[in-house]
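Peer 1: structure, please.
(one chain, ligands or ions: 2)
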Amino acid sequence: MTSPILITGTNKRVGQQLAERLAESGFDVLAVNRSPATSQHPRISHFQADLRSTADREALIAFVRGRYTALRGIIHNASLWLDDDLDNLTTMFKIHVEAPYHLNFELGELLQNGAKADIIHICDESSSRGSKGHVAYAATKAALQNMTLSFAAMYAPAVHVNAISPGLLIFKEDGDQAYQAKALQKALLSFEPGAEPLIKAVLYLLDSDYSTGSNIVINGGRHLRKN
Ligand SMILES: NC(=O)C1=CN([C@@H]2O[C@H](COP(=O)(O)OP(=O)(O)OC[C@H]3O[C@@H](n4cnc5c(N)ncnc54)[C@H](OP(=O)(O)O)[C@@H]3O)[C@@H](O)[C@H]2O)C=CC1
Ligand SMILES: Nc1nc2c(c(=O)[nH]1)N=C([C@H](O)[C@@H](O)CO)CN2
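Peer 2: Ligands and ions are numbered 1, 2, ... in the order given. So this is what the prediction gives:
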């Protein structure tokens, strides 16, 4: 077994497809979820932890330190896209900021034990412009994006730290048709791309020897206005 890539939030949608593609590409994966594993692949191991819980994160850290001598990477994918209220702000801060901060600091030594390692923060392109409909979500994702810069400077050169900032990838299963039609029209490339753009960006970063502290935006031109 090679040193694994720890990926959070792999039980569905983007994270599940990402974990399976990396496993099929020859990486060993440690999949961290708050609920029992949904995917079975010989190269994917599982650990159950609710990332809002400091105790669960400490148990995860102890498990990783006891099981592995090095990590190939950490991909912080776990997330909740919640409406605005104070409880949800606290929850999204724990998942988008506190958990990546905690794991990056505590597992940094294992990342530096290998030849080359990557930390990838899955952020959101709304960090660059805010979101009146999801203020707390965008703010906590912006904090995660900012941490990319600090950890890149802290861990260079052995560990590369980069962000990926998607616009639309996959709509919610229970999404409103009118909302979806409006969302599609916000980008110059007006279609629902699925997980593929993010997976390709991850594969690029894992292969790159000259990227750190960067942010890959995959938003279909959402930042540009249609004439
Ligand atoms: N979908 C899109 O269009 C876009 C997605 N993104 C980002 O891409 C990433 C993947 O998106 P998507 O697949 O849609 O995300 P989802 O919201 O569908 O899934 C996120 C994952 O995070 C897990 N998670 C949530 N809370 C916790 C917790 N407390 N502890 C552990 N795991 C937790 C979920 O687990 P569970 O299954 O238990 O709920 C789930 O597996 C996210 O970071 C998202 O913010 C950015 C822009 C657009
Ligand atoms: N954790 C999640 N984050 C986001 C999701 C999601 O389903 N889960 N979805 C979006 C939207 O697709 C938005 O980008 C456009 O409607 C954003 N983040």
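
Peer 1: what number of residues lie near residue 170?
Peer 2: Residues lying near residue 170 (other Cβ atoms under 10 Å) number 16. C-beta here means a position set from N, CA and C on the backbone, and glycine is covered the same way.

Peer 1: scratch that, residue 222
Peer 2: Residues near residue 222, counting by other Cβ under 10 Å: 21.

Peer 1: cool, and residue 42?
Peer 2: Residue 42 - counted by other Cβ under 10 Å - has 7 other residues nearby.

Peer 1: so for the residue nearest to it when sequence neighbours are not counted, what pLDDT did the model give?
Peer 2: Leaving aside its chain neighbours, residue 42 sits nearest to residue 23 (7.7 Å; criterion: Cβ to Cβ, 6 or more residues apart in numbering). With respect to pLDDT, residue 23 scores 98.

Peer 1: for residue 177, same thing?
Peer 2: At residue 177, pLDDT is 93.

Peer 1: again with residue 192
Peer 2: 97.

Peer 1: hang on, residue 31 in a strand?
Peer 2: Yes. Counting by DSSP: H, G, I helix; E, B strand; the rest coil, residue 31 falls inside a strand.

Peer 1: flag every residue of the chain that's near ligand 2.
Peer 2: 79-81, 124, 167-168, 171-172, 183 (Cβ under 6 Å from any ligand atom).

Peer 1: please report how far the closest residue to ligand 1 within the chain lies from residue 80.
Peer 2: Nearest to ligand 1, among the residues of the chain, is residue 9, at 2.7 Å (Cβ to the nearest ligand atom). According to Cβ to Cβ, to the nearest Å, residue 9 stands 9 Å off from residue 80.

Peer 1: repeat for residue 37
Peer 2: Where residue 80 is concerned, residue 37 sits at a distance of 19 Å (Cβ to Cβ).

Peer 1: for residue 2, phi and psi?
Peer 2: With angles defined as degrees, to the nearest 10, residue 2 sits at phi -90, psi 170.

Peer 1: try residue 112
Peer 2: Dihedral pair for residue 112: phi -80, psi 0, per degrees, to the nearest 10.

Peer 1: give the contact list for the closest residue to residue 36 other than its chain neighbours.
Peer 2: Leaving out its chain neighbours, the residue that sits closest to residue 36 by Cβ to Cβ, 6+ apart is residue 48, at 6.7 Å. If you count contacts by Cβ atoms under 8 Å, 6 or more residues apart in numbering, residue 48 has them with 32-37.

Peer 1: if you set the cut-off to 10 Å instead, what comes out?
Peer 2: 31-37, 56, 59-60 (Cβ atoms under 10 Å, 6 or more residues apart in numbering).

Peer 1: below-threshold pLDDT in the chain: ranges please.
Peer 2: 227 (pLDDT under 70).

Peer 1: one more time with 80
Peer 2: Across the chain, the ranges flagged by pLDDT under 80 are 1, 39, 225-227.

Peer 1: so which bits of the helix ranked longest in the chain are buried?
Peer 2: Among the segments of the chain that qualify as a helix by DSSP state H, the longest is helix 135-155. By 16 or more other Cβ atoms under 10 Å, the buried positions in helix 135-155 come out as 136-145, 147-148, 151-152, 155.

Peer 1: for the protein, which segments are assigned as helices?
Peer 2: Secondary structure of the chain by DSSP H: the helices cover 13-24, 54-67, 86-93, 99-106, 108-111, 135-155, 177-184, 196-207.
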